[in-house]
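>>> Take this sequence and fold it.
(chains A and B, ligands or ions: 2)
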Amino acid sequence: MSESRTTRLSAIRQIALMRLRLFYREPGAMFWTFGFPLVLSFVLGIAFRSRGPEPVVVAVEAPADVPLARAEQAHAILSAGTDVVARRMSPPDAEIALRTGKVSLVVVPTSTGYAYRFDPTRPDSRLARAVTDNLLQRADGRTDTFQPELRTVTARGARYIDFLVPGLIGFGLMSTGLWGIGFSLAEMRTKKLLKRLMATPMRRTDFLFAFLVVRAVLLLTELPPLLLFAHFVFDVRIAGSLVSLVLIALLGGLTFAVMGLLLASRAENPQVVSGLINVASFPMYLCSGVFFSSSKFPDVMQPFIRALPLTALNDALRAVMIEGASLVSVGRELAICAAWGLGCFALALRLFKWR
Amino acid sequence: MHEPELAVRCRGLVKRYADVTAVDGLDLDVRRGECFGLLGPNGAGKTTTVEILEGLLEPTSGEVEILGRRWKTDEAWLRQQLGVSLQETFLPERLTVREILALFRSLFERGRDVDSAIDLVALREKEHARYAALSGGQRQRLAVACALVGEPKLLFLDEPTTGLDPQSRRMLWEVVLAFKKQGGSVVLTTHYMDEAERLCDRVGVVDHGKMIALGTPKELIDSLGGSQIVEITLATDAEETLAAVAAALRSAPGVQHARAQVGRVVLTVTELHVALPAVLAELRTRGQDLTNLSTHHATLEDVFVTLTGRALRE
Ligand SMILES: Nc1ncnc2c1ncn2[C@@H]1O[C@H](COP(=O)(O)OP(=O)(O)O)[C@@H](O)[C@H]1O
Ligand SMILES: [Mg+2]
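Ligands and ions are numbered 1, 2, ... in the order given. Predicted coordinates for the structure are as follows:
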């Protein structure tokens, strides 16, 4: 008995070692696991970084039938305002500048006052209208009825990068889980390695166990690079507890690993598994709130989107990282993940073709 | 414990696929300490048979006993006793010889240590080389080492030397003979005659899923009724002419069998010195020009051709 226990432990150890070695000796896998999320977070973090308040850019036209001084006066008033950049332009130039977005609004002096030419569907145009109108009216003698007290805040965690990093973690857990398990199992089946191992006394449960253990270990090494990178480059903080974050990542990562097991349970070659993994992951990639919030989709779709494991995982990761939520408060999301994991595991065990 | 006499015993083995019957009622006994060869052309059903014996395929019907036990009831025990080399396995390309052997060794309760397995197949120089960097012969030697690392009682080798260089083939033969010498039983498939004659105590010739001949290599060759094969090529290769010549030669002195094959006539003769003059005389009277005549000692290849009318490798 003890002899067979030692054998099983050393078998599990050797199978796990095989998985680890095959992983770190595969440069492609290393890049997709560790490098890609860093590159993606860097590029997107730079592209969508929050800038300081941007000035409103407006054009002041000088029409032929109005004295030039009126246009000069309007330009002087606007230029004196903070947050406004005013440019003198000929009517045709102003027309083009407005259309191409170089200016948000065109001020046209008229015989009685001013005309504003702008596009009310553009937020920057609407903002420019309000700011411009305010400055011109005040200069013309309008007085404010009260002086508002200004209380400004800059919320941490409200930037795009704060939203993005948990999404990238969830996305990474999905990709490495599905590909790392699904693809390598299908490859082992194609190459008859699975069959060869089944001709030895190896136990199936030991084999699966070793695979999942390696997945868990690898996913723990996937988290730190992205978190540290986001912390030092973009000052992304974890509002909640790190332990909660790791536990959620473990649950999510294993859920997707088991899903990869299911997708690979029958496939005779890696191409079939690639197709299945793409079909399974694409809807989640789009709808589960990796790059933008899943609440942007219509209400009728929401129940389905909420039920996807990646939506649940991303929501839980964001709740902990941004809002500092506890494990208990994301219980619903964790339950959804766990249900997917257990369901896929039960199905995979029934369907899996070992020989 | 009572040791059963047979390493393998199977009766009425059948394996049907949707469109073919791969194994069609096969009986097979392999004695302990014996090396048994399954001989047959591609598609004969050798791999299917062996994989059923290895417990990797379910037969459609039939009984299988391995070392006196059955797969249904004693799989865990049987797996510890068997060494298997499949016809085709790609081991993990990025693992080294040593790592692969350590993996396989860890799966068995008992076995030889990794170093002795490496020496057994003379892969010491390649110990730290990755599988991807091995030649075909080295890969096959590693596959056999993986089959032997658990110190099996019964070894299955499916086409162990197909496509290998002569040196690797001889090296593997030595390994098999050494295993047998220590009391191990072997079932191997091959379509090389020399391999079967060199390694196998008994040979079963398989065609279309049936065992069409069984015995020691010598018995099978003797069953041809002659120990020399004569092949004759004529100026013509018209089928009717060849058939007529074969029919006429059948009654020539010293000739046991005569068959027309594509482009030639093949004779099985007992005494070459008696048969040859008679054959030449017959050809002369029939006015046929001889373009080539060759003779060789009968082999298992000839047994197969005689039984099926087809060559073993086509
Ligand atoms: N999984 C399968 N499905 C359908 N036909 C198969 C399968 N495996 C083998 N066969 C067929 O069974 C026959 C015997 O094959 P096999 O046992 O591989 O022959 P051998 O090893 O003697 O070359 C062949 O006609 C082959 O095409
Ligand atoms: Mg075969």
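
>>> Reduced to three states, what does whichever residue of the stretch 151-300 of chain B sits closest to chain A come out as?
With C-beta to the nearest C-beta, the shortest gap between the stretch 151-300 of chain B and chain A falls at B:Phe156, namely 8.4 Å. (Glycine included, C-beta is placed from N, CA and C.) On the three-state scheme (DSSP: H, G, I helix; E, B strand; the rest coil), B:Phe156 is labelled strand.

>>> right, is the host helix or strand of A:Met284 up against chain B?
Following DSSP states H and E, one finds A:Met284 within helix A:270-287. No: Helix A:270-287 is not in contact with chain B by C-beta under 8 Å from any C-beta of the partner chain; minimum separation 12.7 Å.

>>> Take that helix, keep the C-alpha atoms, and write them as PDB.
Only the C-alpha atoms of helix A:270-287 are listed here, as PDB (Å, rounded to 0.1, in the frame of the first residue of the first chain):
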ATOM      1  CA  PRO A 270      -5.400  20.500 -32.100                       C
ATOM      2  CA  GLN A 271      -7.200  22.300 -35.000                       C
ATOM      3  CA  VAL A 272     -10.600  21.100 -33.900                       C
ATOM      4  CA  VAL A 273      -9.800  22.300 -30.300                       C
ATOM      5  CA  SER A 274      -8.600  25.600 -31.600                       C
ATOM      6  CA  GLY A 275     -11.900  26.100 -33.300                       C
ATOM      7  CA  LEU A 276     -13.900  25.100 -30.200                       C
ATOM      8  CA  ILE A 277     -11.800  27.300 -28.000                       C
ATOM      9  CA  ASN A 278     -12.400  30.300 -30.300                       C
ATOM     10  CA  VAL A 279     -16.100  29.600 -30.500                       C
ATOM     11  CA  ALA A 280     -16.300  29.400 -26.700                       C
ATOM     12  CA  SER A 281     -14.200  32.400 -25.900                       C
ATOM     13  CA  PHE A 282     -15.200  34.900 -28.600                       C
ATOM     14  CA  PRO A 283     -18.600  35.800 -27.100                       C
ATOM     15  CA  MET A 284     -16.900  36.300 -23.700                       C
ATOM     16  CA  TYR A 285     -14.100  38.300 -25.200                       C
ATOM     17  CA  LEU A 286     -16.700  40.700 -26.600                       C
ATOM     18  CA  CYS A 287     -19.400  40.700 -24.000                       C
END
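
>>> SS state for the residue lying closest to B:Cys35 once chain neighbours are set aside?
Counting by C-beta to C-beta, 6 or more residues apart in numbering or on different chains, B:Val186 is the residue found nearest to B:Cys35 once chain neighbours are left out, at 4.1 Å. Look at B:Val186: counting by three-state DSSP, its state is strand.

>>> The helix holding A:Met284 - what's its average pLDDT?
Mean pLDDT, helix A:270-287: 91.

>>> Quick check: what element follows that helix along the chain?
Per DSSP H and E, the first helix or strand lying C-terminal to helix A:270-287 is helix A:302-307.

>>> which residues sit against that next one?
A:Cys287, A:Ser288, A:Ser294, A:Ser295, A:Phe297, A:Thr311, A:Ala312, A:Ile336 (C-beta atoms under 8 Å, 6 or more residues apart in numbering or on different chains).

>>> ok, of the residues you listed, which come out buried?
Among those, those that count as buried by neighbour count (16 or more other C-beta atoms under 10 Å in any protein chain shown) are A:Cys287, A:Ser288, A:Ser294, A:Thr311, A:Ala312, A:Ile336.

>>> Which helix or strand contains the fourth one?
To tie it back to what came earlier, the one meant is A:Thr311. helix A:309-318.

>>> rewinding a little: buried set for the helix holding A:Met284?
A:Pro270, A:Val273, A:Ser274, A:Leu276, A:Ile277, A:Ala280, A:Ser281, A:Met284, A:Cys287.

>>> Poorly predicted segments of chain B, please.
Along chain B, the parts satisfying pLDDT under 70 run over B:1-4, B:226, B:310-314.

>>> redo that, cut-off 90
Within chain B, the set of residues satisfying pLDDT under 90 comprises B:1-5, B:40-42, B:88-89, B:162-163, B:165-168, B:191-194, B:197, B:217-292, B:294-314.

>>> Tell me where it has helices.
B:46-53, B:71-81, B:97-106, B:114-120, B:136-148, B:166-181, B:193-199, B:217-222, B:239-249, B:272-285, B:300-308 (DSSP state H).

>>> Residue numbers of chain B in contact with ligand 1?
B:Tyr17, B:Val20, B:Ala22, B:Gly40, B:Asn42, B:Gly43, B:Ala44, B:Gly45, B:Lys46, B:Thr47, B:Thr48 (C-beta under 6 Å from any ligand atom).

>>> which of the residues you listed sit farthest apart?
The distance between the two most remote of the residues of chain B next to ligand 1 (C-beta to C-beta) is 17.4 Å, for B:Tyr17 and B:Gly40.

>>> Which of the two has more residues huddled nearby?
B:Gly40 (25 against 9; other C-beta atoms under 10 Å in any protein chain shown).

>>> And that one, its phi and psi?
With angles defined as degrees, to the nearest 10, B:Gly40 sits at phi 170, psi 160.
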